[in-house]
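A.B. asks: Dropping the sequence and predicted coords here.
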Amino acid sequence: MTTTTTTKSSETQLVFVPSPGMGHLVSTVEFAKLLINRDHRISVTILVMKTPYDTVTSSYTNSLSSSQRLHVITLPQPQTNPDPNDSSSPITTLIDSNKPHVRDHVSKLVLDSPRLGAFVVDMFCTAMIDVAREFHVPAFVFFTSGVAFLGLVLHLHTLRERDNINVTELKDTDTEFVIPSFANSVPAKAFPNIVLTKEWDPFFLAYAEGLKKADGILVNSFDELEPHAIQSFSENNNNSIPLYPVGPILNIKDKEGDDVTDIIMKWLDEQPRCSVIFLCFGSMGSFDVDQVREIARALEASEARFIWSLRKPPQKGLNIMAPPSIYTAQELVEVLPEGFLDRTAEIGRVIGWAPQAQVLAHKATAGFVSHCGWNSTLESIYFGVPVATWPLYAEQQTNAFELVRELNMAVEITLEYRVEFKVGSSSVLSAEKIEKGIRELLQNDEVRKKVKEMSEKSRETLNQGGSSYSHLGRFIDYIVN
């Protein structure tokens, strides 16, 4: 597209309010860049909420440089005095306490900047739609998970409101539900914690209700990946909410290498093509010692080459938004089976933080043992790397079910492993089960072929003529005109 000079008065300003977690923040920033590069009439201001725990988010935000049409503003830390009788979730408290800051910043923007066109709020920040209404502009949700999961949330909320069906008692049962956005019936065990846990019930109700208040939902997915789910929105009652599948929105640009990245990439360069298993469990993923040792035993028994991103769980009792940390060299020796690092020195690397996109893009990488976070799922598809599923929290059990049962694009280590915040995991997966999944990941040619085919489609869909390109154009026409 040819960029032309534009005046302030002809620009349309969008205000983005992302969730502070890295998985949400990075894809929000990439989506904002996509918009301003696509249409010179759009400028974006991203208002970032601070949490007291997440230094990773802060360093990422500080690394972003504002440009003429993309402004990143970190909001002040809210002064909150925790009320011991308040049952609200930490994310609800965070968003409510940031509403005055968002209101103040947008009031200044309206005075100093181009026409305010819309708010784009994260899937967990729908309470900010109320602020958008105060400024008399549309509010869109940027949904950083898939369309099938979006359909599940909306349908379970409808069942609750219309039929008074509450699924919180069904977590450990074999009950299955017919969900319009899934071709197969979905077991309750594949539902996210927010619909299965009583303490999350108020959050779920407010969250799903907030989604239904949006003027449209921008989803980080694409027609070719989730055709059944997307079709279900035009055939069912959800069609009152306009849907814009605009993905895959990814941050896959090569970053400047640090020493750790350089060492990892140099080691990968020395490995045979399609021979290395990559184990990585997201920005919040970690395991207790017993589970770490089972993973180590499985890797050793499989004899597979590996890169393992292994991090230390946060202290028990910390806020649920506290991320894992890096083990010291001595702690690593203590947490792994005796002699493991020496015995696997030739075939494996145990690291802390992982340059995930670069590892997945490398020709030596054969498979990805993943928590099935949606960003990681989209990255694995983009780079054509098949996944072995090991969900931990949030909507990851649902994503794992979709990948294995709906799309036949992953092999199963487990679909039902679940980490409860503040409690941890209730089970330990055996080395034998993990090893079986790793071996299948290396040997399942049918899954590998499907992922390669979808990889090509994911690279085309945002190009001119692609489905996501068209959906993005629809959204831009709406907000600009």
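C.D. replies: Cool, the structure landed.

A.B. asks: Could you list the buried residues of the longest helix anywhere in the chain?
C.D. replies: When the chain is parsed with DSSP state H, its longest helix is helix 90-112. For helix 90-112, burial by neighbour count (16 or more other C-beta atoms under 10 Å) applies to 91, 92, 94, 95, 98, 99, 101, 102, 105, 106, 109. Every residue, glycine included, has its C-beta placed from N, CA and C.

A.B. asks: what's the answer for stretch 185-194, then?
C.D. replies: Quick answer for stretch 185-194 (16+ other C-beta under 10 Å): 186, 187, 188, 189, 190, 191, 192, 193, 194.

A.B. asks: which two from these end up farthest apart in space?
C.D. replies: 187 and 194 (16.6 Å; C-beta to C-beta).

A.B. asks: how's this structure carved up into domains?
C.D. replies: 12-251+460-480, 259-458 (automatic domain parsing).

A.B. asks: downstream neighbour of the helix or strand that contains residue 306 in the secondary structure list?
C.D. replies: Taking DSSP states H and E as the definition, residue 306 sits inside strand 305-309. Moving toward the C-terminus from strand 305-309, the next helix or strand (DSSP H and E) is helix 329-335.

A.B. asks: could I get the domains of the chain as JSON lines with mean pLDDT?
C.D. replies: Below are the domains of the chain laid out as JSON lines (pLDDT from 0 to 100):
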{"stretch": "domain 12-251+460-480", "mean pLDDT": "90"}
{"stretch": "domain 259-458", "mean pLDDT": "94"}
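
A.B. asks: contacting residues for residue 213?
C.D. replies: 126, 129, 139 (C-beta atoms under 8 Å, 6 or more residues apart in numbering).

A.B. asks: In the stretch 151-300 of the chain, what residue spans correspond to helices?
C.D. replies: For the stretch 151-300 of the chain, the helices defined by DSSP state H, counting those that start in this stretch occupy 193-196, 201-212, 227-235, 259-269, 289-302.

A.B. asks: Hmm, residue 315 and residue 286 touching each other?
C.D. replies: No - if you go by C-beta atoms under 8 Å, residue 286 and residue 315 don't touch, sitting 11.4 Å apart.

A.B. asks: quick one, which of those two is more surrounded?
C.D. replies: residue 286 (20 against 8; other C-beta atoms under 10 Å).

A.B. asks: got a list of what that one touches?
C.D. replies: The contact partners of residue 286, by C-beta under 8 Å, 6+ apart, come to 311, 312, 313, 314, 324.

A.B. asks: Name the nearest residue to the third one, ignoring sequence neighbours.
C.D. replies: By that I understand residue 313. Nearest residue to residue 313, sequence neighbours excluded (C-beta to C-beta, 6 or more residues apart in numbering): residue 286, at 4.1 Å.

A.B. asks: ok, now the fourth one?
C.D. replies: The shortest distance from residue 314 to any non-neighbouring residue, by C-beta to C-beta, 6+ apart, is to residue 322 (4.1 Å).

A.B. asks: now swap in the first one and tell me
C.D. replies: Using C-beta to C-beta, 6+ apart and skipping residues adjacent in sequence, the residue nearest residue 311 is residue 324, 3.8 Å away.

A.B. asks: any idea how far the one you found lies from residue 26?
C.D. replies: Distance from residue 324 to residue 26, counting by C-beta to C-beta, to the nearest Å: 17 Å.

A.B. asks: Over to residue 212?
C.D. replies: 27 Å.

A.B. asks: Wasn't residue 72 part of a helix?
C.D. replies: No - counting by DSSP: H, G, I helix; E, B strand; the rest coil, residue 72 is not found in a helix; it is strand.

A.B. asks: quick one, what contacts it?
C.D. replies: 29, 45, 46, 48, 61, 64, 66 are the contacts of residue 72 under C-beta under 8 Å, 6+ apart.

A.B. asks: Closest one of the residues you listed to residue 305?
C.D. replies: Here the nearest of those to residue 305, counting by C-beta to C-beta, is residue 29; it sits at 33.4 Å.

A.B. asks: phi, psi of that closest one?
C.D. replies: Phi and psi for residue 29, reported as degrees, to the nearest 10, are phi -60, psi -40.

A.B. asks: wait, isn't it in contact with residue 64?
C.D. replies: Yes - at 6.6 Å, residue 29 counts as touching residue 64 under the criterion of C-beta under 8 Å.

A.B. asks: In terms of neighbours, single out the busier of those two.
C.D. replies: Comparing residue 29 with residue 64 by other C-beta under 10 Å, the one with more neighbours is residue 29, at 22 against 15.

A.B. asks: how close does that one sit to residue 48?
C.D. replies: In this view, residue 29 and residue 48 are 9 Å apart by C-beta to C-beta.

A.B. asks: overlap in contacts of the two?
C.D. replies: Here residue 29 and residue 48 share the contacting residues 18, 72, scored by C-beta under 8 Å, 6+ apart.

A.B. asks: Stretch 298-314: end-to-end distance?
C.D. replies: Using C-alpha to C-alpha, to the nearest Å, the end-to-end distance of stretch 298-314 comes to 24 Å.

A.B. asks: Sorry, wrong one. I was asking about stretch 247-265.
C.D. replies: End to end - C-alpha to C-alpha - stretch 247-265 spans 28 Å.

A.B. asks: Could I get the full set of strands for the stretch 101-250 of the chain?
C.D. replies: Per DSSP state E, counting those that start in this stretch, the stretch 101-250 of the chain carries strands over the ranges 115-122, 139-143, 176-177, 186-187, 216-219, 243-245.

A.B. asks: Alpha carbons of the strand or helix carrying residue 457, as PDB, please.
C.D. replies: Element membership for residue 457, per DSSP H and E: helix 445-460. The C-alpha coordinates for helix 445-460 follow below in PDB (Å, rounded to 0.1, in the frame of the first residue of the first chain):
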ATOM      1  CA  ASP A 445       4.100 -38.100   9.600                       C
ATOM      2  CA  GLU A 446       0.400 -37.400   9.200                       C
ATOM      3  CA  VAL A 447       0.400 -34.700  11.800                       C
ATOM      4  CA  ARG A 448       3.600 -33.200  10.500                       C
ATOM      5  CA  LYS A 449       2.200 -33.000   7.000                       C
ATOM      6  CA  LYS A 450      -1.000 -31.300   8.200                       C
ATOM      7  CA  VAL A 451       1.000 -28.700  10.100                       C
ATOM      8  CA  LYS A 452       3.200 -28.000   7.100                       C
ATOM      9  CA  GLU A 453       0.200 -27.400   4.900                       C
ATOM     10  CA  MET A 454      -1.400 -25.100   7.500                       C
ATOM     11  CA  SER A 455       1.900 -23.300   7.800                       C
ATOM     12  CA  GLU A 456       1.800 -22.200   4.200                       C
ATOM     13  CA  LYS A 457      -1.800 -21.000   4.600                       C
ATOM     14  CA  SER A 458      -0.900 -19.000   7.800                       C
ATOM     15  CA  ARG A 459       1.800 -17.200   5.900                       C
ATOM     16  CA  GLU A 460      -0.600 -16.200   3.000                       C
END
